[in-house]
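Trainee: Kindly generate the corresponding structure for this input.
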Amino acid sequence: MPEVEIGSRLRRAREKAGISQRALAKRAGITNSTISLMESDGTNPSIGALKRVLDAMSVSLADFFATDETDRPRTFYKASELTEIGKGSVSLRQVGPSLVGRQLQILSETYQPGADTGKINLTHEGEEGGIVISGFLELTVDGERCILGPGDAYSFDSKRPHRVRCVGDEPARCISACTPPNF
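Mentor: Next up is the predicted model:
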């Protein structure tokens, strides 16, 4: 899977939205220097931090990482064709390269031991749910924590603050879905 250049994508998205670095930083509640570091690839933002910045521009993670393909929607995907929208120790492999016009986002998620979605809880419109395939995930929703293992599942309103963390010595895998596809 080729490495995605977060910085240049973020700069293009910001410029397309017609927002200065300073205005974006203010909207996202972070410093201007943090935006500058992100755009120059001087920092490797967590998924939560990147989502917070993208939310300030009304851009979903899925659209941020989508390719520019305009082909007819596909029905079937080989494992090697899933689109990586995660970074570092959290792999989020999305079914389909773009979710434009779609009502559902499906992800194959892999968290390395100790990896999480970031210090800032995620919140977004919609609902999400999933099933743990292997390993153990700690899911925190509205301050309530639960350790989920193989076969365990979850489902909740995504407006509730939430966070995911891999616990244990082995990677944790789950399959999840989110509707509408705005993660």
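Trainee: where do the helices sit along the chain?
Mentor: With DSSP state H as the criterion, the chain has helices at 6-17, 21-28, 32-39, 47-55, 61-65.
Trainee: Compare those helices and report which one is nearest to residue 83.
Mentor: Among the helices of the chain, the nearest to residue 83 by C-beta to C-beta is helix 61-65 (6.4 Å). (Glycine included, C-beta is placed from N, CA and C.)
Trainee: Mind giving me the packing neighbours of that closest one?
Mentor: Taking 3 or more C-beta pairs under 8 Å, 6 or more residues apart in numbering; DSSP states H and E as contact, the helices and strands that helix 61-65 lies on are helix 6-17, helix 47-55, strand 90-94.
Trainee: Tell me which of these lies nearest to residue 154.
Mentor: strand 90-94 (15.8 Å).
Trainee: Please tell me I have it right and residue 9 contacts residue 61.
Mentor: No - at 11.0 Å, residue 9 does not count as touching residue 61 under the criterion of C-beta atoms under 8 Å.
Trainee: Residue 124: which of the helices and strands packed on helix 61-65 is closest?
Mentor: Among the helices and strands packed on helix 61-65, the nearest to residue 124 by C-beta to C-beta is helix 47-55 (7.3 Å).
Trainee: ok so, going back, could you export the helices and strands packed on helix 61-65 as a markdown table, including mean pLDDT and distance to residue 171?
Mentor: Shown next, in a markdown table, are these (pLDDT from 0 to 100; distance: least, C-beta to C-beta, whole Å):
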| stretch | mean pLDDT | distance to residue 171 |
| --- | --- | --- |
| helix 6-17 | 86 | 22 |
| helix 47-55 | 91 | 16 |
| strand 90-94 | 93 | 9 |
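Trainee: Could I get these in TSV, plus columns for mean neighbour count and distance to residue 135?
Mentor: Converted to TSV, these look like this (neighbours: other C-beta atoms under 10 Å; distance: least, C-beta to C-beta, whole Å):
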stretch	mean neighbour count	distance to residue 135
helix 6-17	16	26
helix 47-55	21	18
strand 90-94	22	13
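Trainee: can you list these in TSV and add distance to residue 40?
Mentor: Formatted as TSV, these follow (distance: least, C-beta to C-beta, whole Å):
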stretch	distance to residue 40
helix 6-17	6
helix 47-55	14
strand 90-94	22
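Trainee: Quick one: closest of these to residue 148.
Mentor: Ranking the helices and strands packed on helix 61-65 by proximity to residue 148 (C-beta to C-beta) places strand 90-94 first, at 16.0 Å.
Trainee: got the angle for the closest one vs helix 47-55?
Mentor: Counting by axes from the mean of the first three to the mean of the last three C-alpha atoms, to 10 degrees, strand 90-94 lies at 50 degrees to helix 47-55.
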